[in-house]
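*Asks:* I'd like to go over a predicted model; first the sequence, then the structure.
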Amino acid sequence: MEFLPVLAGEVTGNPERPGVPTLGEYTAGQLRRLCEVASLDADDARTYTDVLVEALGPEAGRRLDLPPSGRTFLSDDHTPVEYSLSFRPDGPPDLRVLLEPGCGTDGLEENGRAGLDAVHGMSRRWGFSTTWLDKLEDLFLPQAPQGPLALWCALELRPGGVPRVKVYLNPAARGAGRAAETVREALDRLGHQWAYAALPPGDGHPFFALDLGDWERPRVKVYVRHPGLPATAAGDLSRMPAGPTAAALREFAATAAGSPDARLSGLPVLSCHAFTDPAEDRPSGFTLHIPVRDYARHDGEALDRAVALLGRHGMDPAPLLRALPSLTGRRPQDGVGLIAYLALAHQRGWPPRLTVYLSAEAYAVRPPSG
Ligand code: TRP
């Protein structure tokens, strides 16, 4: 992928400190503006921007005219931060932020260590247990781990200043060839002996995720990669009882990818399967992730699709329209990748949600493709 660097003069840094902002200043500014979009108050915004800057560690102080110190694949331009707005029919969207705490470290092993330290710090601060993570440390954070990530964490920014925490781990940490075995063993240790057999076929597992913190029903989530999937085949991926219909999934994939007969042969579609109750052998949640940035010429097109999907699901697109200019001064049609993924999420007991993943683009913008 080719990228154009973001020019220092274009970035909206801290007005009290003109010049080139740091990664921390830049992303904190974005997050503060997104908090407003998501109807969080100024106290929460202050708390959460501080949490973000702290979680990024020393990397937060790095000026943006220097290249990122690591090559994280959390985002295409290697910004170690990504935002998402998760929409529901009734009320403002939930704002989340995904980040790599170890982004400034040298090597994956140290990266994982910094990630663990950050999560343990959060568990002390907000009083949640890390038992699940501790049980799996040797599987996902071994000595001499392999790529492409060690540990990411996502914070769901609720009103009140205490986020819900999710941790993302790498099934290939002990080697890509052992990823399936690693996922199976991890599910086993958490009591989900039957879960692995319930997953749809695919080409490997990019992530294994855990809910930590104050969740009503914490989930264990397994991601499956589906390279070259025809949009029509998206209908067959859910294994959740009483989950989304095949027609609804097909329609979502076709709209997000821009054509009903598209084969998604660029970045792969991901499916995510959530397990909550060890007594059940089927997932209680299903999410379909479409990497819209590889199937749109520019973000104007990706935005139109997102707005259409939100409308169809009875959700107000206004916060999304306000979110884009709170992240960047560029016009949507002048780049692609600001909208990274569109996802349709079903979890038993909740209405379906539509999630839009938004890039920080702190370092570079991918030019439009036509
Ligand atoms: N950038 C990575 C990817 O595209 C990881 C990632 C970031 C991701 N945000 C995501 C994956 C949202 C799925 C959904 O795969």
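*Replies:* All right, it came through fine. Numbering: from 1, shown residues only.
*Asks:* residues in contact with the closest residue to Arg178 other than its chain neighbours?
*Replies:* In this structure, Arg178 finds its nearest non-sequential neighbour in Ala172, 7.6 Å apart by CB to CB, 6 or more residues apart in numbering. C-beta here means a position set from N, CA and C on the backbone, and glycine is covered the same way. Contact analysis of Ala172 by CB atoms under 8 Å, 6 or more residues apart in numbering lists Gln146, Gly147, Pro148, Arg178, Ala179, Thr182, Gly204, His205.
*Asks:* What's the PyMOL line that selects buried ones from those residues?
*Replies:* In PyMOL, this line selects whichever of the contacts of Ala172 come out buried by 16 or more other CB atoms under 10 Å:
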select buried, resi 146+179+182+204+205
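*Asks:* What is the burial count for the closest residue to the ligand within the stretch 101-250 of the chain?
*Replies:* Closest contact between the stretch 101-250 of the chain and the ligand, by CB to the nearest ligand atom, is at Pro206 (6.2 Å). Using other CB atoms under 10 Å, Pro206 has 22 other residues around it.
*Asks:* Quick check on Asp334: phi, psi?
*Replies:* Backbone geometry at Asp334, expressed as degrees, to the nearest 10, gives phi -90, psi 10.
*Asks:* Trp215 contacts Arg164, correct?
*Replies:* Yes. With contact defined as CB atoms under 8 Å, Trp215 reaches Arg164; the gap is 5.9 Å.
*Asks:* When the two are compared, which one has more neighbours?
*Replies:* Arg164 (20 against 14).
*Asks:* which residues does the more buried one bridge with?
*Replies:* In this entry, Arg164 is beta-bridged to Glu156, by DSSP bridges.
*Asks:* Let me see the ranges of the strands in this structure.
*Replies:* In the chain, the strands defined using DSSP state E lie at 4-5, 81-87, 94-99, 151-156, 164-169, 208-212, 220-226, 229-230, 263-264, 269-275, 285-290, 339-347, 353-359, 364-365.
*Asks:* Out of those strands, which gets nearest to Trp132?
*Replies:* Trp132 lies closest to strand 208-212 among these, at 5.1 Å (CB to CB).
*Asks:* What strands line up against the closest one, and which way round?
*Replies:* Partners of strand 208-212, by DSSP bridges, with direction: strand 164-169 (antiparallel), strand 220-226 (antiparallel).
*Asks:* just checking, Leu338 touches Asp299?
*Replies:* Yes. Between Leu338 and Asp299 there is a contact under CB under 8 Å: 4.6 Å.
*Asks:* hey, what's in contact with both of these two?
*Replies:* Leu324, Pro332.
*Asks:* More neighbours: which of these two?
*Replies:* Asp299 (28 against 24).
*Asks:* Verify the stated contact: the more buried one with Ala340.
*Replies:* No. In this structure, Asp299 is not within contact of Ala340 by CB under 8 Å, at 10.0 Å.
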